[in-house]
Structure formats: structure tokens, C-alpha cells
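K.L.:
from the sequence below, what's the structure:
(chains A and B)
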There are 2 protein chains.
Amino acid sequence: MVRTYVEELDSHVGHEVRLQGWLYNKRSSGRIRFLLLRDGTGIVQCVMAKGQVPEEAFAAFDRLSQESSFSVSGKVRKDDRAPGGFELDVTELELYQTAAEYPITPKEHGVEFLVDRRHLWLRSARQHSIMRVRHRIIRAIRDFFDGRGFTLIDSPILTPAACEGTTTLFETDYFDLGKAYLTQSGQLYAEAGAMAFGKVYCFGPTFRAEKSKTRRHLTEFWMVEPEVAFCDLEQDMDLAEEFLEYVVQTVLKDRAEELKTLERNMKFLQNVKKPLPRITYDEAVEILKKNGVNFEWGNDFGGTDETVISQQFDRPVMVHHYPAKIKAFYMKRDSKNPDLALAVDVLAPEGYGELIGGSQREDDHETLVKRLEEYNLPREAFEWYLDLRKYGSVPHSGFGLGLERTVAWICGLDHIRETSPFPRMIYRITP
Amino acid sequence: MVRTYVEELDSHVGHEVRLQGWLYNKRSSGRIRFLLLRDGTGIVQCVMAKGQVPEEAFAAFDRLSQESSFSVSGKVRKDDRAPGGFELDVTELELYQTAAEYPITPKEHGVEFLVDRRHLWLRSARQHSIMRVRHRIIRAIRDFFDGRGFTLIDSPILTPAACEGTTTLFETDYFDLGKAYLTQSGQLYAEAGAMAFGKVYCFGPTFRAEKSKTRRHLTEFWMVEPEVAFCDLEQDMDLAEEFLEYVVQTVLKDRAEELKTLERNMKFLQNVKKPLPRITYDEAVEILKKNGVNFEWGNDFGGTDETVISQQFDRPVMVHHYPAKIKAFYMKRDSKNPDLALAVDVLAPEGYGELIGGSQREDDHETLVKRLEEYNLPREAFEWYLDLRKYGSVPHSGFGLGLERTVAWICGLDHIRETSPFPRMIYRITP
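P.N.:
Residues are numbered from 1 along each chain as shown, chains lettered A, B, ... in the order given. Here you go, the predicted model:
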């Protein structure tokens, strides 16, 4: 007999198969017993009639508590009224383990109670949908760059320099070499990669030891960072909008069922098609003023500001040409106005904040040396990075997209903790 | 005019295109100037004839030092004698930057000299080939699991417990929660994932603070770890051999050119097809004895032992049923002989050592509690892991494959440092 999975039942209609999984729910009606089996790929109703199965199998029904593990054999029947479109007419059932009383029941639980039991909470239909969307987003991200000739250059997690101050860095002893720090971004390494391979991306975990307790912050999160040689800010924005469209439209197509389970309003997602609106920082400030926000030119946008700005648009909006002094040292300045950085942030609709941050990079050696001084950064730690401006420097640009915030936005989640299999926050390091 | 890349020249034959890149090499012959341009996707010879291009462009030739950045326009000509099969008849050339004297020349350099300049060394043909093979391996790994219904469940890097002693762990302060440790393996989390999704994998960086200075050890390396519910040791070995065949054969097919550049003897790679030989630990010990190795039953194999064993076979060999006392606490014991663990290691040919380590996991709650005591592990740190044996425990198995060691093997490298874009070793944290 074929051992199969719920998601493959459609190719076994009329045949006897064996499924293995856990009890999601059960009920009985007269001589009939209904078992909802979940096997990680889906849920199917198994129907067991007294007299049609061995007595021992029928009796096992009573010992099947929620999340008990069992295997079941039976014939696959197409049934359009059934949740997944199929039912199983049981001929045999084998109990592996009667589960202890399962802590997560259909009643409401507090979030802390659930996060404490994240290893079990992952079994719920809602968390399933989120993790399947997350996986699809990751695959779409990689497909996008792999399909466009980008080379994957993984950046290191352990880095030597505390580039932008140590206050937001996790620190560890590194043998006889002193301290190492967990990376905040792979960008500088990606720049070296772009000079070697033309178009590269890195995609791995990054870390922020920020004491932010907001709904949007994890201390550990994945970030994808493309970097392209011979690419200016305009082309960087072209790439970012093409990328966002691809990822969102792919997920909409392939994970419609999961988004329905999450009761996601898909209107804003369907709109994610290029061109995305592009406005300058100045225009964004104008929008704030028109909407009665008391905002001073030169400041960075806060969460509320971003929400007000993004509410003016029906899709993500690109804000570019920020005041240089609120941006990182490596960003190239606008030749027409050196107070502005050739930077772009992409703000999500519906108050999900910054999805993407990018810029054209400073490619002149002397200017970059000056910047390091202005930002009080130790030149010796950046000598290798300065090398990239000595040996065939070229205009180049890139951006970073935070995976978990993208998952939160696409799934329409209130809090970022549900986007990660095992989220890490300032007050959460377990399980 | 179309801006394109070297790898796309075949679709532009007879047309004028624009390329952007760096000077790999140059020579002149009479009124002709030959420029080898590399753009990260390939190398192409550009031919510039005096009088056919503006004088300024022709003069720029003299200022083009190795790794200088420039753009070039011209007509694509098919030429079977040319390295990539094409040449460019130049009509225009624009110099971006004359590179400073490039430190990496065609002459021999010491390895430390090169690793110190890893950000530049990545531009060499050999490193290109390795990174392109690495990328293809990563993609093949993900394709394999994605195509078989596995859900990607990223495990956390920051973990609370020092599960197997702190001596080989990197440690960091974690806000008010004490210490956190960089993960050595995502397996325990993958097990939670398998109970939720049936088949899962994680694939991310892992860390070992071991003071190993060998050719095979990095302190930071990527590991892929599949975990499958309702899977015993036999099925685990089936999965491992199917997986290895898929990865190796895919790379052979798609990266033949790169393997040729690396002068890889492909015989052993072509052999990587199932079935892989499966021998018990006892049989492996017999092999050692027959080959005159002084080896005591019950010990773990060292590097030399692994080489002797693997030399008996023309493809990777699976060694299973190890003495339990040299294996981890979570491995299930053989019911016929509880001194043996249901473990498997896959040894690469040619002395590349252990590629894969896997096992069936202990699924009985009471037995696992006992094991934690035997291994002196703090039960409270594993309560969540024990939960998996309380709520529908099932037979389950998985394995881990180290990415960098796999890259070293497939590329035929002497030292693992070349497998990572920015390798981290006990004496190396830069650049």
C-alpha cells in the first residue's frame, strides 16, 4: 500500500493509501467515527464505520486525544463538500501515542502563553499558513535574483569591526583576536562581491541589539541584500520595484489559500505592480504638513510619519533623496545638492513601515575617507572597503529588504513575532 | 544601444551592445589593441583598431591598468577560437577609473597574502568558479527539498541553553536574560517543525568555537538539516542518498565549465548515484583492521580512519549503527542492541571526511529523560523538546550536511577556506 500525504490525495482517488499524522479533531455519530487527521501538508476527514474495520482499530478512537499520533489506511474518495475535497474510508487504524492533554485548545489563549509554547503553537492552522507564506516569499526572493544572473555571496555573521558603534551590536569573544560582533548587514561585503561578480546578493540572518519593544522589531531577522555594479539610484529603484512586484504577485498566486485562512485583505497586495510611486523626501515632508503633522525638515520619519505618507498611495511608495545627515556614511551624495543622499526607502501601505532601504554608494576614494572621519569611524577597519574604490571603482547601488517585516505585511499580521519560527525579541530567547 | 553582460552575448551576435566591467588583461599588436574585459559573468576579448574608434578612446588603452573599470561599445562577433565564443569589435570606450597597482598579479602569492585580500581575491577566475559552484549547490539543496514537499523552518541563531557544554560555543550577553549562545545545529528546532509540518528543513549559518586548526574546520559555516516525521533510519539513509545524488549530478550538469577550470577529476562525482554502499560501524572497523590500522572498537573515527574506510569505495559510503556512547543524547538506540545508536555518517571519497551526520531520534519521553541525566544535561532547558515526546510522539529522523565541506569536496579543494566568500577560522576574522 502506498504511503502518501494529504496534499497528494488527488492522485490516489479510488485507491487505498496509508496516511500518518496527528489528530486535529474528532466526533462520532451513531456507528460512524469521524477523525480529522493532520499530517503537516493538510487536513483530511477519515470516516470509520463499526464493522468495516477491525474491532481494535474502532476501539482506538476512544484513546485518540488531540494531537495523538496515528496511522490510518483507507480508500480515497472525492467529496467536494469535504474541506480539502477528499475523504478517506478507513479500513485500518494504528495508534502510535495517545497525547497528553494538549495545552493549546480551540479556546482563546494569551499571546505570551502561546509564544512560550511556540514549538507546539506552530501546529495550528494559522501558524501553518504564515510559515508556508514565509517559505514561499524566501523562494521567490531567491528565484528572482537567481533568474537574473545574480551570484549568491553569503556575507559573514561574525565581523571584526564595530562599524556603527557597539551599542546595538551583539558581542562575543573570538579566540585570541579579541571581540567579534554579529553582523547588522552584509552590505559592505556584498559591495566587494559586486565588484567581483557584477550582480550579487546575500541573504541570511542579521542582528540588532536594539532595546526596541515595538511590534516591528526582532533582535534576529533575515535580510536579503542585492548589490549591483554599474547601477545608479534610478536603476536601483527600478530593480526594487520589479523585485517587490515579483515577490508579492508570486505569493498571491501560489499562496492564495493561506492568505484566505489569514483573512488577508488582498486589495493592497494586488496593487503591487510597477511603476511604484516615487517621491522625494521633500515631497514626503509636504504630505506630512498637508496632513497636519508637525514635522521638521531634516529629521528622519517615525512610524506614524511613515503611515501618514503611505496612506496617500494605493501601493508601496518610494521616498528618495533624504537629508544626508540622517543616512549612513557610505551613501553617495547628490552632486546637485550635497546635503542630500542618493538614498531610497520603500514604505509599505497600511502602516507596515519601511520594507526596503537602499542607496547608491559613495564610489570616490577620497570622499569616502572624508566621510569616515566625519562619522568618527576608524579608518583601519575599513581599509579593505576603501580598496574597492582604489581598484576599478564604479557607480554601484543596492538595497536591503527585511524578510520578517515583509512576511508581516503580506500576511497582514499585527505583530512581527508570528513571522519567525522561533522569534527572538529583547525579552524573549526561548524556546 | 543595449547594455548587456558577457554571458548574454550569444543573443546579440551581429548587433552593437555596451558592456561594463574591469580590465582582466591587455596586449597590443601594431594598430590593434586587445582588451580582456571581465564583468563578473564572464570574460570577453574586445578588439580596438586605430582609426575605427575615437582617438580619445584609443588613447585610453594606455591608462587601462589591471582591474581598471571601463565601459565599451561594439559589435558582437561569433568567433569559435575566442575563449567564450565571441569577440567585440569596439566602436567606443569610456574609462571610469585607472586602478591603482593591483596587488594580486598572475605570479604566485602566499595563501595568507590572498586571504588577507579576500575582497579582491574573489575576482580571480578560480574563486569565481568556486563561488558559482557554491551557489549552484545551495540552489540544488533548496530545490531538492522544496520539490519534495518540505517546509523551510529557519532555526534561530541565538539560543538560550548551552546544550552540549559551553566550551565550543560562542557566547553573548542577551539584555536582562543572561547569556545567549550561537547555534551549533538547528536540529532540535527542526524536530519541532517536523511534528508540525511532517517534513521540514532548516538551512543557515551554524557556529563552532572549536580550537581546530585543520584544513576542514571553519568557525562559521552553513548547514542544511532536513527532519522527517514517520521516518526510520533506513528511510533516512534513502533520503540522504537520493539527496546527495541530486545535488552532485545537478552541479556536474550545470557547472561543468567551472569544474574544468578547477581541474576537478570528475570520476568520483559521476559515481555519486544511488544506491550508495551501506556498512555498519562493525564492518568499518573490520576494514580498518584489514588495512593494518590499530583501532579500538568503541572509538570514533578520526580523519585518517575515515580516509582508509572511504578508499574502499568508488562513491560516498554510509556507515551506520555506531556505538551509542560516542553519539549525541538524542539518538535512538537499536532495540536489538542498546549499545548501538541508530546513527549514520556519510563519508566522502578522496579523504574529504564526513559530509552528512544523521540519525533516528529517540521518541520515547521516559527514555529521553533518562538520557539527559546520563549526559548531564539540564532537564529544564529541554522541557520544550521533551514536549515533542508528550504530544503525539512519532518515529522520526533527519540529518545534517555541512555546506562548505560539500563545496570543498565537489570542487576538489585542499583547504576549506576557499569555500566561503569570507571565511572565519580560529585565527581569521578579517576582512
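K.L.:
so what's the residue nearest to residue A:295 when sequence neighbours are not counted up against?
P.N.:
Nearest residue to residue A:295 in three dimensions, chain neighbours excluded: residue A:288, at 4.4 Å (C-beta to C-beta, 6 or more residues apart in numbering or on different chains). (C-beta placed from N, C-alpha, C; glycine too.) Residue A:288 is in contact with A:295, A:305, A:308, A:309, counting by C-beta atoms under 8 Å, 6 or more residues apart in numbering or on different chains.
K.L.:
can you tell me the element residue A:288 falls in?
P.N.:
Using DSSP states H and E, residue A:288 sits within helix A:281-290.
K.L.:
avg pLDDT for that helix?
P.N.:
In this model, helix A:281-290 carries a mean pLDDT of 98.
K.L.:
next one: the strand ranked longest in chain A, is it in contact with chain B?
P.N.:
Scanning chain A for the longest strand, with DSSP state E as the assignment, gives strand A:16-29. Yes: contact between strand A:16-29 and chain B, assessed by C-beta under 8 Å from any C-beta of the partner chain, occurs at A:20, A:21, A:22, A:23.
K.L.:
so how far is chain B from the residue lying closest to residue A:298 once chain neighbours are set aside?
P.N.:
Leaving aside its sequence neighbours, residue A:298 sits nearest to residue A:323 (C-beta to C-beta, 6+ apart; 5.0 Å). According to C-beta to the nearest C-beta, to the nearest Å, residue A:323 stands 28 Å off from chain B.
K.L.:
next one: residue A:32
P.N.:
From residue A:32 to chain B the distance is 24 Å (C-beta to the nearest C-beta).
K.L.:
now for the residues of strand A:16-29 next to chain B: which two are most distant?
P.N.:
A:20 and A:23 (11.8 Å; C-beta to C-beta).
K.L.:
shared neighbours of those two, anything?
P.N.:
Residues touching both residue A:20 and residue A:23 by C-beta under 8 Å, 6+ apart: residue A:70.
K.L.:
now the closest residue to chain B within the stretch 201-350 of chain A. Nearest residue, chain neighbours left out?
P.N.:
Closest approach between the stretch 201-350 of chain A and chain B, counting by C-beta to the nearest C-beta: residue A:230, at 4.2 Å. In space, and not counting its chain neighbours, residue A:230 is closest to residue B:20: 4.2 Å by C-beta to C-beta, 6+ apart.
K.L.:
quick check: residue A:204 touching residue B:205?
P.N.:
Yes: if you go by C-beta atoms under 8 Å, residue A:204 and residue B:205 touch, sitting 6.3 Å apart.
K.L.:
returning to that earlier point: for the longest strand of chain A, the averaged confidence score.
P.N.:
Per-region confidence: strand A:16-29 scores 97 on mean pLDDT.
K.L.:
flag every buried residue along it.
P.N.:
Across strand A:16-29, burial judged by 16 or more other C-beta atoms under 10 Å in any protein chain shown covers A:17, A:18, A:19, A:20, A:21, A:22, A:23, A:24, A:26.
K.L.:
quick one: contacts for the fourth one?
P.N.:
So the one you mean is residue A:20. Contacts here follow C-beta under 8 Å, 6+ apart; on that basis residue A:20 touches A:3, A:39, A:69, A:70, A:71, A:72, B:229, B:230, B:394.
K.L.:
in helices only, show me the contacts of residue A:288.
P.N.:
Among the contacts of residue A:288, the ones falling in helices (DSSP state H) are A:305, A:308, A:309.
K.L.:
for the first one, which non-adjacent residue is spatially closest?
P.N.:
Taking C-beta to C-beta, 6+ apart, and ignoring the residues beside it in sequence, residue A:305 has residue A:288 as its nearest neighbour in space, at 5.9 Å.
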